[in-house]
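Participant: Turn this into a structure:
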Amino acid sequence: MTEPSSLAEVRELIDGIDGELVRLLAERQGLVQAAATFKKDTAAVRAPDRVEQVITAVRARAVDAGLAPDVAEAVWRAMITAFIDLELREHAQIQEASSPGENA
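Facilitator: Residues are numbered from 1 along each chain as shown. All right, here's what the predicted structure looks like:
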């Protein structure tokens, strides 16, 4: 990649990356929603050991890619928190749909 020659060009390149990130996050969301169907309870959704495994791997990938590991960790922790919240909602809906109604 050649160095951008203006702030407008920098912003245009960032906008393009943001578009790709949104596409990838939407793909990740679909997988998170699918994962909710395999988990038995909210502890499995929260999976703190898995979160730490992901963070460790992301920090290593960040170093390899030239990204500050602290930046990568902060972004991934925020993303994981948001996806856990989404997955908890999905999981609750699945559980509600699969259990017989109490007022039936």
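
Participant: For residue 73, give me its contacts.
Facilitator: 55, 58-59, 62 (C-beta atoms under 8 Å, 6 or more residues apart in numbering). In short, each C-beta sits where N, CA and C put it, glycine included.

Participant: hmm, I was thinking of residue 13
Facilitator: residue 4.

Participant: what's the average pLDDT for the helix or strand harbouring it?
Facilitator: Assigned by DSSP states H and E, residue 13 belongs to helix 7-36. Helix 7-36 shows a mean pLDDT of 96.

Participant: Name the residues of it that come out as buried.
Facilitator: 32-33, 35-36 (16 or more other C-beta atoms under 10 Å).

Participant: that older thread, tell me the one among the contacts of residue 73 nearest to residue 81.
Facilitator: residue 55 (11.7 Å; C-beta to C-beta).

Participant: Determine the three-state secondary structure at that closest one.
Facilitator: helix (DSSP: H, G, I helix; E, B strand; the rest coil).

Participant: Residue 48 and residue 26, how far apart?
Facilitator: 25 Å (C-beta to C-beta, to the nearest Å).

Participant: again, but for residue 32
Facilitator: On the measure of C-beta to C-beta, residue 32 and residue 26 end up 11 Å apart.

Participant: Then residue 84?
Facilitator: Residue 84 is 17 Å from residue 26, where distance means C-beta to C-beta.

Participant: The helix holding residue 13: how far from the chain's middle?
Facilitator: Put simply, helix 7-36 sits 11 Å off its chain's centre (C-alpha atoms, centre = their mean, to the nearest Å).

Participant: Over to stretch 47-58?
Facilitator: Using C-alpha atoms, centre = their mean, the offset of stretch 47-58 from its chain centre is 12 Å.

Participant: Residues touching that stretch, excluding its own?
Facilitator: 72-73, 76-77, 80.
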